[in-house]
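Novice: Next one to model:
(one chain, ligands or ions: 1)
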Amino acid sequence: MQNEDINMQDQLPLVVGVDLGGTQIRTAVLRGPTLLSRVSLLTGANPSPDRILPRIYTAIQEALDKAGAPLEQVAGIGIAAPGPLDYRTGVIFTPPNLAGWDRVPLRDLFTEQFHIPVFVENDAHTAGLGEYMFGAGHGANNMVYLTISTGIGGGVIMDGKILEGANGSAGELGHMTIDWHGERCNCGNIGCLESIASGTNIARKANEAIHAGEGIELLTFARTMLEHSSTVPDPSALPTQGHDANTVELRSSIFAGRDELNEDSQRGSVQEEEHLHVNARTVALAAEAGVPLARAIIQNAAEAIGVGLVNIIHCFNPEIIILGGGVTQMGPMLMEPALRVVQERAMKFPRESVRIVQAQLGHNVGLIGAGALIYYHKNIKI
Ligand SMILES: [Zn+2]
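Specialist: Numbering: from 1, shown residues only. Just a heads-up that it's a prediction; the model follows:
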């Protein structure tokens with residue numbers, strides 16, 4: 001980033017970002033991409049709006065206090081939320097990972113509480129916006145953000161604007177059909193990219209093969225890993241960005257936050273082999289170690305991602321495609337087959353104008369993107 005950008009960022013007004021996750025709700029006071037304070041709370045088993053909203057209000061106030069920022073200095077509150085939602089009215093419908101939520105008028109509720117501008121947006125769109133304004137997409141006008149972790153989401157920026165579609169549902173890149181004879185996806189469609197290449201589905205395919213008796217070698221690998229799991233670093237303590245020189249970090253962050261294998265080890269359930277649940281990280285490690293079933297699953301996911309990238313290139317003609325999420329950090333094992341598919345199949349003209357790069361903002365992308373909503377809606381150019 002150039003010096004003038006950094007100077008400009010010092011001039012940006014303060015904003016509050018809220019990232020409404022299925023397991024954690026995070027709030028922060030930010031200036032541009034810089035977090036001045038952060039306060040998080042666990043979503044819990046019963047996150048009904050009546051219970052959770054007052055806690056979020058308190059968390060925001062705590063974040064303001066920690067940052068030494070009076071509310072009157074804050075330009076607005078940006079909320080990244082799981083869809084479906086109406087970004088124009090700020091009403092959240094029934095997100096699958098927030099039980100008890102149904103048509104919650106989030107924007108109006110927060111406005112009543114804080115009396116400053118509030119904007120609500122789909123969380124994948126805001127993550128894309130964050131990368132567009134402050135990350136790998138800085139300077140691009142036409143950009144696609146694809147995040148592959150437990151699910152697969154997308155944020156599309158065309159001519160500097162978030163592509164919303166008729167009702168804000170544009171950019172559901174995880175639910176483009178890759179295999180129309182494939183398996184049923186959670187969304188109801190068949191053969192979605194998500195149903196093949198998300199971390200959850202990489203793990204699901206491995207476990208199905210194990211249950212079908214085809215995964216003896218993978219099971220043995222997983223059991224060995226389990227026995228040595230105390231030597232595996234805590235994924236949450238590691239950065240989400242990495243490089244090839246530090247493969248331990250890369251491997252360990254593949255599935256941060258859903259480390260069922262380590263949970264199993266804490267319960268000491270080695271003896272219950274049939275219940276041993278292999279996660280995506282284990283599949284990736286097994287693939288690197290040469291276990292054929294694991295290699296086939298990762299190869300299949302990688303090629304599906306490649307086909308997805310071809311579709312993205314053909315539909316949007318982006319200057320840049322930014323890959324975020326833990327699964328994309330599996331490194332060359334995943335990216336080489338995916339990029340080979342792009343080389344082999346994408347039309348030459350749009351292919352030659354696109355760069356495919358890793359996301360830059362790491363695990364704070366949700367908060368940075370939420371805060372960026374304020375700059376975006378106020379037409380503050382970065
Ligand atoms: Zn789907």
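Novice: A140 and T147, how far apart?
Specialist: Plainly put, A140 is 17 Å away from T147 if you go by CB to CB, to the nearest Å. The way it works is simple: take the backbone N, C-alpha and C, and place the C-beta from them, glycine included.
Novice: the more surrounded of those two?
Specialist: Using other CB atoms under 10 Å as the criterion, A140 and T147 rank with T147 on top: 26 against 17.
Novice: Find the closest residue to the ion in the stretch 251-382 of the chain.
Specialist: Ranked by CB to the ion, the top residue of the stretch 251-382 of the chain for proximity to the ion is G308, at 12.0 Å.
Novice: Show the subsequent helix or strand relative to the helix or strand that contains that residue.
Specialist: For G308, the host element (DSSP states H and E) is helix 292-316. Downstream of helix 292-316, the next assigned helix or strand under DSSP H and E is strand 320-324.
Novice: Can you spell out which helices and strands pack onto that next one?
Specialist: helix 123-134, strand 143-148, helix 292-316, strand 355-358 (3 or more CB pairs under 8 Å, 6 or more residues apart in numbering; DSSP states H and E).
Novice: Spit out the contact partners of the residue of the stretch 251-382 of the chain closest to the ion.
Specialist: L146, L173, M176, I178, L193, A197 (CB atoms under 8 Å, 6 or more residues apart in numbering).
Novice: Distance of the closest residue to the last one other than its chain neighbours relative to P117?
Specialist: Of all residues beyond its chain neighbours, the one nearest A197 is A301 (4.0 Å), with distances taken as CB to CB, 6 or more residues apart in numbering. As defined by CB to CB, A301 lies at a distance of 41 Å from P117.
Novice: One more: Q24?
Specialist: Separation of Q24 from P117 (CB to CB) stands at 25 Å.
Novice: and the angle for the helix holding G308 with strand 320-324?
Specialist: Orientation check (axes from the mean of the first three to the mean of the last three CA atoms, to 10 degrees): helix 292-316 against strand 320-324 gives 140 degrees.
Novice: now the angle from helix 292-316 to strand 143-148?
Specialist: Using the same axes, to 10 degrees: helix 292-316 against strand 143-148 is 160 degrees.
Novice: Show me how far helix 292-316 is from its chain's centre.
Specialist: 17 Å (CA atoms, centre = their mean, to the nearest Å).
Novice: So between A301 and P117, which is more surrounded?
Specialist: Taking neighbours as other CB under 10 Å, A301 and P117 compare with A301 leading, 28 against 18.
Novice: picking that back up, need the helices and strands packed on strand 320-324 in a markdown table (columns: distance to M330).
Specialist: What follows is the helices and strands packed on strand 320-324, written out as a markdown table (distance: least, CB to CB, whole Å):
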| stretch | distance to M330 |
| --- | --- |
| helix 123-134 | 19 |
| strand 143-148 | 10 |
| helix 292-316 | 7 |
| strand 355-358 | 12 |
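Novice: would CSV of the ones you listed with distance to D102 and mean pLDDT be doable?
Specialist: Formatted as CSV, those follow (distance: least, CB to CB, whole Å; pLDDT from 0 to 100):
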stretch, distance to D102, mean pLDDT
helix 123-134, 18, 98
strand 143-148, 26, 98
helix 292-316, 32, 98
strand 355-358, 37, 97
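Novice: Good, wrapping up.
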